[in-house]
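J.: Structure for the following, please:
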Amino acid sequence: MKDAKLLVIEGRHNDVPSFAADLQKKGFEIVIAQSGGEAAKKLEKTAPHLAVVNAASLRSSGVRICQSLREKDSKLPIILIVNADVEVDKSVADTILTLPFTAQKLVNRVKPLLPSDGKNVVHVGPIRLDLEHRRVKCLGKNTKLTPRLIRLLRILLDNHGQVVERESLFKRVWETNYTGDTRTLDVHISWLRNAIEIDPNSPRFLKTIRGVGYRLDV
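T.: Okay, here's the model as predicted:
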């Protein structure tokens, strides 16, 4: 995305690299905040496309800052940078990077999270479906999908919060009126859960409504 604006939250410690200047050199517009409180205020004023939380430079895990940003803007992509000895839940940010790494690696993680220049991205809650590149991004996962999985996810995203009946879903995804055996739908649902869920065996988003169908809660 051209002219992308990034909110970079980082402190000033000589032993932890600063990435703001590197990102600026790559052509991004940078808004700097040195604390979570300052970041929250600048978020409202500047409306960035993405936030980079350099928690290592703040001597913290960054969890509270990420949660605060999420509360103010649930759709804001967040990249969290932590030290090697810090463990955080993967759902805290879209991408978690552990030091050390290069500035280019950070740039490579930023670009896929930015809004598309076209109209080929469907973004609902933490799920971003890129129709052009056939990829889905959710809670730090970035997965390439088959055309059939894309159709399946698109229907569920378009009807999020609603139960989609099994037979209706099968007919639309497989483009057929035959619904004698829909077990292949269960397999595809399983693959989709692997792509978007932190724990596919205990899904947070893609729920099975027994005897009826499926519902995407985002």
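J.: Not counting residues beside it along the chain, what's closest to the residue positioned nearest the centre of the chain?
T.: Closest to where the C-alpha atoms of the chain average out (C-alpha atoms, centre = their mean) is residue 138, at 3.8 Å. Nearest non-adjacent residue to residue 138, counting by C-beta to C-beta, 6 or more residues apart in numbering: residue 196, 4.2 Å away. For the C-beta atoms, the positions are set from N, CA and C on the backbone; glycine is no exception.
J.: so how far is residue 38 from the one you found?
T.: For residue 196, the distance to residue 38 (C-beta to C-beta, to the nearest Å) stands at 32 Å.
J.: re earlier: please name the residues that touch the residue nearest to residue 138.
T.: 127, 136, 138-139, 141, 143, 153, 205-206 (C-beta atoms under 8 Å, 6 or more residues apart in numbering).
J.: which one of the residues you listed sits closest to residue 42?
T.: Using C-beta to C-beta, residue 139 is the member of the contacts of residue 196 that lies nearest residue 42, at 24.4 Å.
J.: hang on, that closest one packs against residue 198?
T.: Yes: in this structure, residue 139 is within contact of residue 198 by C-beta atoms under 8 Å, at 5.8 Å.
J.: Now do residue 117, the pLDDT please.
T.: According to the prediction, residue 117 has pLDDT 57.
J.: Oh, that last question was meant for residue 1, not what I typed.
T.: pLDDT, residue 1: 55.
J.: got it, and the one 3 residues further on?
T.: The model reports residue 4 with a pLDDT of 87.
J.: Now it: phi and psi?
T.: Backbone geometry at residue 4, expressed as degrees, to the nearest 10, gives phi -70, psi 140.
J.: Enumerate every residue touching it.
T.: Residue 4 sits next to 28-29, 49-50, 110, 114 when contact means C-beta under 8 Å, 6+ apart.
J.: if you set the cut-off to 6 Å instead, what comes out?
T.: 28, 49, 114 (C-beta atoms under 6 Å, 6 or more residues apart in numbering).
J.: what about residue 26, how many neighbours?
T.: Other residues lying near residue 26 total 16 when counted by other C-beta atoms under 10 Å.
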